[in-house]
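**Q** can you look at this prediction? I've put the sequence above it.
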Amino acid sequence: MTIRRDLSSDSDNPFPMSLLGGYIVALAQPHCGLSTTNIITPDQTQELHIPNLAAGMISDGDVLFFDNGQFIPALIELIPDNIHFTGICYSHRVFLALSQKKNATTLLCGGEYRPKSDSFYNPTQSCYLDDINPKKAFLCAEGIHLDFGVTCYNIDDLYMKKKAIDKSIRKILLTKYHYFDETVTANMGELSQFDVIISDRKLNKEYEDYCKIHSVKFIY
């Protein structure tokens, strides 16, 4: 709640805000809930297919990394409440989603808060990924191209995304079918660096063959 108050008082406080980071354990449910009805509109229920498939990959005791992607809050909400897990994040909205899971231990990486992406950044400061190897990392992208790699819009996110790719045991990419053959601003890496791709439609033959060659599992 202190973080929420600080972030909502930007108009009264013109100075930049930084967060050192920390963890929460068994946090009580906030009064202001985050539900899928606030994330996905009724006429976009198909948007739940990708996060639902991703949530099905989470097991009891997992240590997980969640990036700042569009599917992540819905994915977290769809994790069964009886599953105990640890979630590492750097996004304020992802932190709020994790804080509602009664059996989640949440590790929030600190840094300077940037309102545009609602996240905390400090590439020069050590973070949990320096000492922890998440069992699974859930990352989102808005561009996938065989020649130009996996890309996202927010350059600020690159440091944490790439660090998670390097440190995590299993890299899981969440993306829509129409993002294939697209390229946007910031390059996260090659498609072959991911272990699993979750999307909403079957891949075309070119990408299907690529995934087979590079042992990338595809789920839709």
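**A** Received the coordinates, thanks. None of these values were measured; they are calculated from a predicted model. Numbering: from 1, shown residues only.
**Q** hang on, Phe66 packs against Thr86?
**A** No: applying Cβ atoms under 8 Å, one finds Phe66 not in contact with Thr86, separated by 10.8 Å. For glycine as for every other residue, the C-beta is placed from the backbone atoms N, C-alpha and C.
**Q** those two: who's more crowded?
**A** In this view Phe66 and Thr86 are compared by other Cβ atoms under 10 Å, and Phe66 has more residues nearby, 27 against 20.
**Q** what's near enough to touch the more buried one?
**A** By Cβ atoms under 8 Å, 6 or more residues apart in numbering, the contact list for Phe66 reads Ile72, Leu75, Ile76, Gly87, Ile88, Cys89, Ser91, Val94, Leu98, Phe138.
**Q** closest one of those residues to Ala55?
**A** The shortest approach to Ala55 among these belongs to Leu75, at 5.5 Å (Cβ to Cβ).
**Q** look up how far Tyr113 lies from the closest one.
**A** Distance of Leu75 to Tyr113, computed by Cβ to Cβ, to the nearest Å: 23 Å.
**Q** between these two, which has more neighbouring residues?
**A** Using other Cβ under 10 Å as the criterion, Leu75 and Tyr113 rank with Leu75 on top: 27 against 19.
**Q** got a list of what the more buried one touches?
**A** Pro51, Ala54, Ala55, Phe66, Phe138, Leu174.
**Q** if you rank these by neighbours, which is first?
**A** Counting by other Cβ under 10 Å, top hit in the contacts of Leu75: Phe138 with 30 neighbours.
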